[in-house]
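Novice: Task: produce atomic coordinates for the following.
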Amino acid sequence: MAEKVNPYKDSDQSKKVQVTKMFDTISKEYDGLNRVISFGIDIKWRNKVVDLVAKTKPKNILDIATGTGDLAISLTATNAEEIIGLDISDGMLEVGRKKITAKNLDPIISMVIGDSEDLPFEDNTFDAITVAFGVRNFEHLEKGLAEILRVLKPNGIFVILETSVPTNPIYKAGYNFHTKLIMPTIGKLFSKDKVAYNYLSESASVFPYGEALNNILRKTGFINVVDRPQTMGVATIYTASKA
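Specialist: The predicted model follows:
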């Protein structure tokens, strides 16, 4: 079971409510700060996710924890007929809607507010489901994954892009310096929410990755589980499917 880290440790609200509040607060600054903190490498990782999904030729895609829609927009390169971006934060979705309209993608992408642990879709609905930097924000990881399995079609593809911790000691030291010092400092200087980037750093450091997350996926019922470490292991792409 994944260790639960809450954004606001002095709050008695649920993690789900806290995460929603946090992303609503930082929604307008999120894209810019994300590019700075990741040095833009996250764009390359998302493109790899798109390539993996495109190989399956999906007709419809669900992008969970879509945020401001970066991955949903990139997934139009798969030529899917329908892409739904779902997120619990309406603030993030509103930023995404403006980006989608500016790119004339409204006929393909729809942005829906919803809970990853209670998806508003029928069983076996989607050819492909993606989550980029979102599974660690689930309040109940296993419940969210079970919901994803439910709405994924048999033989459909599920792709996770998530932060991870390098196993090489030298790379790990650099990763820790960046996530525990640089990232929170940038957040405190430029973010409206002074605890948000502390949470994002801390939650990344304790979230299961590699074989640990593989095993959780298998336990949930996914098959063909594979992890692909990216950029010295600071992120990992996971693929899985449904029998």
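
Novice: Next, the distance between the ends of stretch 61-77.
Specialist: 12 Å (C-alpha to C-alpha, to the nearest Å).

Novice: where does the chain have its least confident helix or strand?
Specialist: Least confident helix or strand of the chain, by mean pLDDT, DSSP states H and E, is helix 183-190 with a mean of 72.

Novice: That helix packs against which elements?
Specialist: helix 15-38, helix 196-206 (3 or more C-beta pairs under 8 Å, 6 or more residues apart in numbering; DSSP states H and E). All C-beta atoms are positioned from the backbone trio N, CA, C, and that covers glycine.

Novice: Report the rounded mean pLDDT for the strand of greatest length in the chain.
Specialist: As assigned by DSSP state E, the longest strand anywhere in the chain is strand 152-163. On average, the pLDDT along strand 152-163 is 97.

Novice: Please apply the same query to stretch 111-126.
Specialist: 97.

Novice: and what of stretch 202-221?
Specialist: For stretch 202-221, the mean per-residue pLDDT is 93.

Novice: count of residues packed around Ser14?
Specialist: For Ser14, the neighbour count with other C-beta atoms under 10 Å is 11.

Novice: show me what contacts it?
Specialist: By C-beta atoms under 8 Å, 6 or more residues apart in numbering, the residues touching Ser14 are Glu139.

Novice: so how far is Asp90 from it?
Specialist: 17 Å (C-beta to C-beta, to the nearest Å).

Novice: Is it correct that Met232 is in contact with Pro166?
Specialist: Yes: taking contacts as C-beta atoms under 8 Å, Met232 lies within contact range of Pro166: 5.3 Å.

Novice: and stretch 43-56, C-alpha only, in PDB?
Specialist: Extracted C-alpha coordinates of stretch 43-56, given in PDB (Å, rounded to 0.1, in the frame of the first residue of the first chain):
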ATOM      1  CA  ILE A  43       7.500  17.100 -22.600                       C
ATOM      2  CA  LYS A  44       9.900  14.300 -23.900                       C
ATOM      3  CA  TRP A  45       8.400  11.900 -21.400                       C
ATOM      4  CA  ARG A  46       4.800  12.700 -22.500                       C
ATOM      5  CA  ASN A  47       5.800  12.200 -26.100                       C
ATOM      6  CA  LYS A  48       6.900   8.700 -25.300                       C
ATOM      7  CA  VAL A  49       3.600   8.000 -23.700                       C
ATOM      8  CA  VAL A  50       1.900   9.200 -26.900                       C
ATOM      9  CA  ASP A  51       4.000   6.900 -29.000                       C
ATOM     10  CA  LEU A  52       3.100   3.900 -26.800                       C
ATOM     11  CA  VAL A  53      -0.600   4.700 -27.000                       C
ATOM     12  CA  ALA A  54      -0.500   5.400 -30.700                       C
ATOM     13  CA  LYS A  55       0.800   1.900 -31.500                       C
ATOM     14  CA  THR A  56      -2.500   0.500 -30.300                       C
END
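
Novice: in that stretch, what counts as buried?
Specialist: Trp45, Arg46, Val49, Val50, Leu52, Val53, Thr56 (16 or more other C-beta atoms under 10 Å).

Novice: And stretch 221-235, by the same measure?
Specialist: The neighbour-count check on stretch 221-235 (16+ other C-beta under 10 Å) flags Phe222, Val225, Asp227, Gln230, Thr231, Gly233, Val234, Ala235 as buried.

Novice: go on, stretch 26-35?
Specialist: For stretch 26-35, burial by neighbour count (16+ other C-beta under 10 Å) applies to Ile26, Ser27, Glu29, Tyr30, Asp31, Leu33, Asn34.

Novice: before we move on, back to that, closest to Leu161 out of the buried residues of stretch 221-235?
Specialist: Lowest distance from Leu161 to the buried residues of stretch 221-235 (C-beta to C-beta) belongs to Ala235, with 6.5 Å.
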